[in-house]
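Enquirer: attaching a predicted model along with its sequence, questions to come.
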Protein chains: 2
Amino acid sequence: MSEVEEPMRLVHLLRGLTVELDLFGAEFASRNGLHPTDLRALIHLLDAARAGEVVTPGRLGEALHLNSAGTTGLVDRLERLGLIRRERDPQDRRRVRLLVEERAMELGQGFFGGLIGDLLAAMGRFEPGELAVARRFLEAMAEVVATARQQERAGAEAGKK
Amino acid sequence: MSEVEEPMRLVHLLRGLTVELDLFGAEFASRNGLHPTDLRALIHLLDAARAGEVVTPGRLGEALHLNSAGTTGLVDRLERLGLIRRERDPQDRRRVRLLVEERAMELGQGFFGGLIGDLLAAMGRFEPGELAVARRFLEAMAEVVATARQQERAGAEAGKK
DNA sequence: GCAAGTATCTCGCTGAACGAGAGAATAACG
DNA sequence: CGTTATTCTCTCGTTCAGCGAGATACTTGC
């Protein structure tokens, strides 16, 4: 086994892990009558709610790379399912605030709850020092991907004539 | 910072990383006139080709959770783009083998090449022992997700009446 | 050689997402 | 203030990926 074998295996592991997580999400979604987009939206909304941020259809669509028409459809769907509620912002009545309903939190709990518990349990079998290494590692990888994404974006801009 | 803070941050890091990778893939795909599904199919086909395995439309569709009609559409698309080629299996003429064209490999190189290089470079800044820890960590996480996925599947089966 | 089995493809349809633009409210400026 | 510009959201018509059902082509077993 050469010197580069080990890192290469790590790359594949990383990719495999993202694929697994993706599939897990997709299966959970279809099992609950949601589309992958709906689940991603829900995750975004729950994260924002936990952080105390106000989310509008505009922001949500931007985060998910949907245009306004697609966003309206998405919000309609989530509202019809009773997962969120629309409410006009009293300050700026052009805006609509998206409020997550109780049911959405429960659903999120069902999705994450179990998995997060298992992940934490598995992490419990590592030394604190090892977890610190894992964290540094993940942070380094995340930064690389984020940087690559920006370069990709820059390339897209340039290629647009 | 309590004892559970650190692992929880790791969970969020992990999720954030998968989101970033996903977005990176989606952006690369649309930049090349592909759909996310097309890119996933291409990755699967390239992996299989490297492993020397024969992929048929049936296998591909199964891997991507598409039904036969959707799979035909996908293969049509990839063939029209000149990324793969259909070829009837001489042994069993019911089957069709999917062969990746040169162009697909180049595209895959364009997608992965740069990113993998950057990831490897970032890994180079870690000690061998640290990389071993990262690997054990990722393997543990992957296993948890895979297990959770099977449970989810089992639940889906049961819930199906 | 005929029935059953397997692999792929065709047809018609649903619905998510797109582009364009309308509608409604606020901000900015004279 | 009132008129114009701006910002946010939603509507309309369209496109196209993926679905269910079933047709077609080939193989295998009896």
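Expert: Yes, it's here. Numbers count the residues shown, from 1 in each chain, chains lettered A, B, ... in the order given.
Enquirer: any stretches of chain A with poor pLDDT?
Expert: The model of chain A has pLDDT under 70 over residues A:1-5, A:153-161.
Enquirer: now do stretch A:60-73: distance to the chain's middle.
Expert: 15 Å (CA atoms, centre = their mean, to the nearest Å).
Enquirer: repeat for stretch A:78-85
Expert: On CA atoms, centre = their mean, the centre of stretch A:78-85 falls 19 Å from that of its chain.
Enquirer: so which bits of that stretch are buried?
Expert: Of the residues in stretch A:78-85, A:78, A:81, A:83, A:84 count as buried by neighbour count, 16 or more other CB atoms under 10 Å in any protein chain shown. Bear in mind the C-beta positions are built from the backbone N, C-alpha and C, glycine included.
Enquirer: quick check, that stretch touching DNA strand C?
Expert: No. Between stretch A:78-85 and DNA strand C, judged by CB under 7 Å from any atom of the strand, nothing touches; the nearest distance is 9.6 Å.
Enquirer: put the alpha carbons of that stretch into PDB.
Expert: Listed next in PDB are the C-alpha coordinates belonging to stretch A:78-85 (Å, rounded to 0.1, in the frame of the first residue of the first chain):
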ATOM      1  CA  LEU A  78     -45.600  22.600   3.000                       C
ATOM      2  CA  GLU A  79     -48.600  24.700   4.100                       C
ATOM      3  CA  ARG A  80     -51.100  22.200   2.700                       C
ATOM      4  CA  LEU A  81     -49.300  19.500   4.700                       C
ATOM      5  CA  GLY A  82     -49.800  21.600   7.800                       C
ATOM      6  CA  LEU A  83     -46.000  21.800   8.400                       C
ATOM      7  CA  ILE A  84     -45.700  25.600   8.100                       C
ATOM      8  CA  ARG A  85     -47.900  28.700   8.200                       C
END
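Enquirer: where do the helices of chain A begin and end?
Expert: Applying DSSP state H to chain A gives helices spanning A:5-31, A:36-50, A:57-64, A:68-80, A:102-108, A:114-123, A:128-159.
Enquirer: adding distance to DNA strand D, write those out as CSV.
Expert: Listed next are these as CSV, based on distance: least, CB to the nearest atom of the strand, whole Å:
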stretch, distance to DNA strand D
helix A:5-31, 9
helix A:36-50, 10
helix A:57-64, 2
helix A:68-80, 3
helix A:102-108, 17
helix A:114-123, 23
helix A:128-159, 19
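Enquirer: dump these to a markdown table, plus distance to residue B:39.
Expert: Formatted as a markdown table, the helices of chain A follow (distance: least, CB to CB, whole Å):
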| stretch | distance to residue B:39 |
| --- | --- |
| helix A:5-31 | 12 |
| helix A:36-50 | 14 |
| helix A:57-64 | 18 |
| helix A:68-80 | 20 |
| helix A:102-108 | 28 |
| helix A:114-123 | 25 |
| helix A:128-159 | 13 |
